[in-house]
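Q: Coordinates for the following, if possible.
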Amino acid sequence: MSPHLVRLVATFFALGYAAVAASLMALAAGPDNTWTAAGALGEKLNSPVFALAADPADDRRMLAGTATGTIYLSSDGGASWKPAWKSSGHAVLALAFDPARQGSILAGTRGGGIWRSVDGGLSWQSQQGSEGRSVRAFAFLNGGALAASDEGVLTSREGGPWSRAGLLQVRVSTLAVLPPSDAAANGTVVAGGDATQGTEPLPLFSSADGGQTWAAVPVTGPTGVVGGSSMVAVLAGGPPARQGARALLMGTNTGLFMTGDHGASWQQLTGGGALPGTDVTALAMSPRRPDRLYVASDGGGSAQGGLWVSSDGGAHFASLAPPMAEVTALAVTGAAAPTLMVATFRPTDHAVALWTYHDAGGQPRGPAPSPPSPGNSAPARTSSSTGARGSGWTELLTEPEAPYLAMGAGALAVVLFAAVAYLRRGRQL
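A: Okay, here's the model as predicted:
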């Protein structure tokens, strides 16, 4: 066979491999607007999962941290997991990819400080200056990192040791960075807490110099503290506000609020009545669609938990109807139509589950799964509502993933047919 023919055959098979790989990636993301049970974590859990993260450079790479102190790594969009690290029993409370350093990931633990991985999560090292701290959130600004700890804010420059950066009287639970309104200014760091030894009506502070100095953000009005809140659970930058400034979103134990004027006035976001006035556990924006906002709640011990999405900057929300209402953690991939990784926890029987949802903007649908057994981290799959499924190939063809498999098989068949036809033509010449 001539070298030219060899190259052409290799090209045919490379195209076939690419077609199948693309189909498998679509399969891993799951069908559009459909809830899918993620793979099991490999241990029995009876405490919530609070830490999830998605790699901004690879939508299929995800991390999950558990109350037992184990970090799990998935390379296939959550379909399967393998343990990457165990922190000697210190619960993992936060996970974050460092946007300034590819492959660098931070993990916050309860009482075990901060751990860092520089190889994409394969190995982890304890971080000097954070020993003994409980860390529940991270933020990044100008190449540096900030951490929300039980004794104020910690900061690290260029991946170096951590040091205290103020608010020592506050048990900081969340951090957010608001980008500057003009190129010459620095971003604003906002810190919120769920407890304080000070006299602040609500622990909420901002810093315009990277955490060197802090000022209280106004949280009171004619009727008292915003919404009657007693703690700040989560913060995030919202849509652009006045004069190009970025709005601040604040999730508390009484709902979701927004300010566009640095706290001078606050507005409760009810999303047209869709959002309940209860605990907010997670806020996230689609990286490529900043007008698309996700809000999660565990219900605060009630039945009002869930997951909602807004496509107009928070004016209106629609429920994404997760299979279990008590959402404890959320991660969003960077795709234009992102995949959501969601952790749920049902307090009545301590059922823990992970789910994926490929948000293409349509009406949510999904399995009506049988409740996972207490302590089981993997939700059970159930029969279709149209009847019992078969086994083997019959069952596979009835799955919602069948179109993706058919697409890959068809593409491969076309490539193989073309290769065979070319080889026959070569023999006849």
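Q: Going by C-alpha atoms from here, please, whenever you check contacts or count neighbours.
A: Noted.
Q: ok, how many other residues are close to residue 206?
A: 22 (other CA atoms under 10 Å).
Q: Domains in this structure, by residue range?
A: 1-30+401-429, 40-46+279-390 (automatic domain parsing).
Q: I'd like the mean pLDDT over the shortest one, please.
A: If I follow you right, that is domain 1-30+401-429. Predicted confidence along domain 1-30+401-429 averages 47 (mean pLDDT).
Q: Same question for stretch 308-319.
A: Per-residue pLDDT over stretch 308-319 has a mean of 91.
Q: Just the buried positions in that stretch, please.
A: 308, 309, 310, 311, 313, 314, 316, 317, 318, 319 (16 or more other CA atoms under 10 Å).
Q: Find the nearest non-adjacent residue to the second one, please.
A: Spelled out, that is residue 309. The shortest distance from residue 309 to any non-neighbouring residue, by CA to CA, 6 or more residues apart in numbering, is to residue 294 (4.6 Å).
Q: can you check the first one too?
A: Nearest non-adjacent residue to residue 308, counting by CA to CA, 6+ apart: residue 319, 4.3 Å away.
Q: Contact partners for the one you found?
A: 274, 306, 307, 308, 309 (CA atoms under 8 Å, 6 or more residues apart in numbering).
Q: and which of the residues you listed is nearest residue 138?
A: residue 307 (22.1 Å; CA to CA).
Q: For residue 327, see how far away that closest one is.
A: 7 Å (CA to CA, to the nearest Å).
Q: Same drill for those two, tell me which one is more crowded.
A: For residue 307 versus residue 327, neighbours defined as other CA under 10 Å are more numerous around residue 327 (29 against 26).
Q: The more buried one bridge partners, please.
A: Beta bridges link residue 327 to residue 344, judged by DSSP bridges.
Q: Likewise for residue 268?
A: With DSSP bridges as the rule, residue 268 is bridged to residue 257.
Q: Contacts only, for it.
A: By CA under 8 Å, 6+ apart, the contact set of residue 268 is 227, 255, 256, 257, 258.
Q: Just the pLDDT at it, thanks.
A: On the pLDDT scale, residue 268 gets 93.
Q: Under the pLDDT cut-off, which ranges of this structure? List them.
A: Scanning the chain for pLDDT under 70 picks out the ranges 1-30, 181-185, 240-245, 367-429.
Q: Tell me the strands beside whichever strand or helix holds the residue nearest to residue 309, with direction?
A: Residue 294 is part of strand 289-297 when elements are defined by DSSP states H and E. Using DSSP bridges, the strands paired with strand 289-297 in its sheet are strand 282-286 (antiparallel), strand 306-310 (antiparallel).
Q: Can you list the buried residues in it?
A: 290, 291, 292, 293, 294, 295, 296, 297.
Q: Including distance to residue 162, could these go into a markdown table?
A: Shown next, in a markdown table, are these (distance: CA to CA, whole Å):
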| residue | distance to residue 162 |
| --- | --- |
| 290 | 31 |
| 291 | 34 |
| 292 | 34 |
| 293 | 31 |
| 294 | 31 |
| 295 | 31 |
| 296 | 30 |
| 297 | 31 |
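Q: Closest one of those to residue 81?
A: Once CA to CA is applied, the member of the buried residues of strand 289-297 that ends up nearest residue 81 is residue 296, at 23.5 Å.
Q: contacting residues for the closest one?
A: Counted by CA under 8 Å, 6+ apart, residue 296 has contacts 280, 281, 282, 283, 305, 306, 307, 308, 327, 328, 329, 330.
Q: cool, and residue 48?
A: 66, 67, 328, 343, 344, 345, 350, 352.
Q: so can I have TSV of those residues showing neighbour count?
A: Converted to TSV, the contacts of residue 48 look like this (neighbours: other CA atoms under 10 Å):
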residue	neighbour count
66	26
67	20
328	25
343	26
344	28
345	26
350	19
352	28
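Q: Tell me the one of these nearest residue 251?
A: Scanning the contacts of residue 48 for proximity to residue 251, where the rule is CA to CA, the winner is residue 328, at 13.4 Å.
Q: end to end, how far does stretch 323-333 reach?
A: 20 Å.
Q: Just the residues contacting it, thanks.
A: 35, 48-56, 59, 281-287, 296-299, 303-307, 338-346, 366-369.
Q: what distance separates it from the centre of its chain?
A: 8 Å (CA atoms, centre = their mean, to the nearest Å).
Q: residue ranges of the strands in the stretch 51-200 of the chain, please?
A: Ranges of strands in the stretch 51-200 of the chain, per DSSP state E, counting those that start in this stretch, are 51-54, 62-65, 70-74, 82-86, 92-97, 105-109, 114-117, 125-126, 135-141, 144-149, 152-157, 162-164, 170-178, 188-196.
Q: Let me fix that, I meant to ask about the stretch 301-429 of the chain.
A: Under DSSP E, counting those that start in this stretch, the stretch 301-429 of the chain gives strands at 306-310, 318-319, 327-332, 339-346, 351-358.
Q: quick one, the fourth one and strand 289-297 angle?
A: Read it as strand 339-346. Interaxial angle, strand 339-346 versus strand 289-297 (axes from the mean of the first three to the mean of the last three CA atoms, to 10 degrees): 10 degrees.
Q: For strand 339-346, list the C-alpha coordinates in CSV.
A: In CSV, the C-alpha atoms belonging to strand 339-346 read as follows (Å, rounded to 0.1, in the frame of the first residue of the first chain):
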residue,chain,number,x,y,z
THR,A,339,-24.3,21.2,32.1
LEU,A,340,-25.3,21.5,35.8
MET,A,341,-24.0,19.2,38.5
VAL,A,342,-26.3,19.2,41.5
ALA,A,343,-26.1,17.6,44.9
THR,A,344,-29.3,17.0,46.9
PHE,A,345,-29.9,15.9,50.5
ARG,A,346,-33.2,14.7,51.9
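Q: So which elements touch it?
A: Contact partners of strand 339-346 among helices and strands, from 3 or more CA pairs under 8 Å, 6 or more residues apart in numbering; DSSP states H and E: strand 327-332, strand 351-358.
Q: ok and it relative to strand 351-358, angle-wise?
A: 160 degrees.
Q: Run through who's touching strand 339-346.
A: Under CA under 8 Å, 6+ apart, the answer for strand 339-346 is 29, 47-50, 52, 59, 78, 298, 324-333, 351-359.
Q: is it possible to export the strands paired with strand 289-297 to a markdown table including distance to residue 117?
A: As requested, the strands paired with strand 289-297 are exported to a markdown table (distance: least, CA to CA, whole Å):
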| stretch | distance to residue 117 |
| --- | --- |
| strand 282-286 | 23 |
| strand 306-310 | 30 |
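Q: picking that back up, in TSV: the contacts of residue 319, plus distance to residue 90.
A: Formatted as TSV, those follow (distance: CA to CA, whole Å):
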residue	distance to residue 90
274	36
306	28
307	28
308	31
309	33
